[in-house]
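Trainee: pasting the structure only:
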């Protein structure tokens, strides 16, 4: 579910979570000073912190994927190099369990390389 939100929504949610966590920390400190039970506040604070951390991890993963999109030209100097990399990725997909989150990234890399190979092949045919 978290992967389907766009960047603006993610920033808004992170802003809200950070603000709410700050409010809860202040309330919890007040409760501690007044020696009342703060279990509910602590529970909500813990849940929001986990949610915020997960959102940050999603953002970090997306950024890493974007960084991987940049392929050094020397690595793919020929169409054969692209095909060789696609073959390696296909073997990686076959060796990666279906539930592994890294599998999707490998498939995305294969897709990008396939598109690259297709466009190079079309340009060569023109």
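Mentor: Structure's in. What do you need? Just so it is clear, the model here is predicted, and its values are computed rather than measured.

Trainee: what helix or strand does residue 57 sit in?
Mentor: Assigned by DSSP states H and E, residue 57 belongs to helix 39-69.

Trainee: tell me what that helix is packed against?
Mentor: On a contact count with 3 or more CB pairs under 8 Å, 6 or more residues apart in numbering; DSSP states H and E, helix 39-69 meets helix 7-34, helix 101-125. In short, each C-beta sits where N, CA and C put it, glycine included.

Trainee: following it, which helix or strand shows up next?
Mentor: helix 79-95.

Trainee: relative to helix 101-125, how tilted is that following helix?
Mentor: Counting by axes from the mean of the first three to the mean of the last three CA atoms, to 10 degrees, helix 79-95 points 160 degrees away from the direction of helix 101-125.

Trainee: ok, and for helix 79-95, which residues are buried?
Mentor: By neighbour count with 16 or more other CB atoms under 10 Å, helix 79-95 contains the buried residues 82, 85, 86, 89, 92, 93.

Trainee: same question, stretch 44-55
Mentor: 45, 48, 51, 52, 55.
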